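In: any chance you could fold what I've pasted below:
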Amino acid sequence: MVRLLQSYCNRSKETSDLYRLIADAERSHATRKPRAPVYRSPRAPRKMGKSVNQQIVDAYLDGKDVTPLSQQFGAAPSTIRRALDRLGVERRPIGLGQEQIDQILELRTLGWAQKQIADAVGCSEGTVFNVMHRQR
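Out: Purely as a prediction, here's the structure:
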């Protein structure tokens with residue numbers, strides 16, 4: 001490659017510059033760090049069978065949320081929601097209801113810890129934190 005370039009560049013300065021550029025490129029290429037592998041979640045089969053659909057419905061009716069179900073079955077949350085809609089399952093409202101907010105505030109006034117409140121109400125500790133700080 002350098003000889004080909006030498007035929008186009010008759011000046012020795014340009015040739016030496018080209019040698020330096022090629023050497024720099026080879027060094028920078030050799031020192032490049034490899035990228036960390038990207039985690040890809042396992043994919044579910046294209047169509048979920050009747051038994052999988054029934055497992056999703058049972059888990060949802062037992063109180064499990066859509067996001068953990070999507071992780072368990074290796075499907076997107078929207079796929080789980082569509083399956084529930086297609087099977088005629090009435091979905092729970094998104095977010096906390098006023099009863100749950102009142103319960104969080106009441107348990108906090110009783111001196112319960114955030115983790116205990118989250119377990120009792122059935123939400124995350126972050127949700128409990130957000131509810132308590134919005135009410136200030």
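In: any idea how far the helix of greatest length in the chain is from the chain center?
Out: Using DSSP state H to define each element, the chain has its longest helix at helix 12-30. Its chain's C-alpha centre and that of helix 12-30 lie 43 Å apart, by Cα atoms, centre = their mean, to the nearest Å.
In: quick one: least confident helix or strand in the protein?
Out: Lowest on mean pLDDT, DSSP states H and E among the helices and strands of the chain sits helix 2-8, with a mean of 57.
In: about what we covered before: what packs against the longest helix of the chain?
Out: Judged by 3 or more Cβ pairs under 8 Å, 6 or more residues apart in numbering; DSSP states H and E, the packing partners of helix 12-30 are helix 2-8. (Glycine included, C-beta is placed from N, CA and C.)
In: send the alpha carbons of the helix or strand hosting Leu84 over as CSV?
Out: Following DSSP states H and E, one finds Leu84 within helix 77-86. Output in CSV follows, covering the C-alpha atoms of helix 77-86 (Å, rounded to 0.1, in the frame of the first residue of the first chain):
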residue,chain,number,x,y,z
PRO,A,77,-44.5,-5.6,28.7
SER,A,78,-46.7,-4.5,25.8
THR,A,79,-46.9,-8.1,24.7
ILE,A,80,-48.1,-9.2,28.1
ARG,A,81,-50.7,-6.3,28.2
ARG,A,82,-52.0,-7.3,24.7
ALA,A,83,-52.3,-11.0,25.8
LEU,A,84,-54.2,-9.9,28.9
ASP,A,85,-56.5,-7.7,26.8
ARG,A,86,-57.0,-10.5,24.2
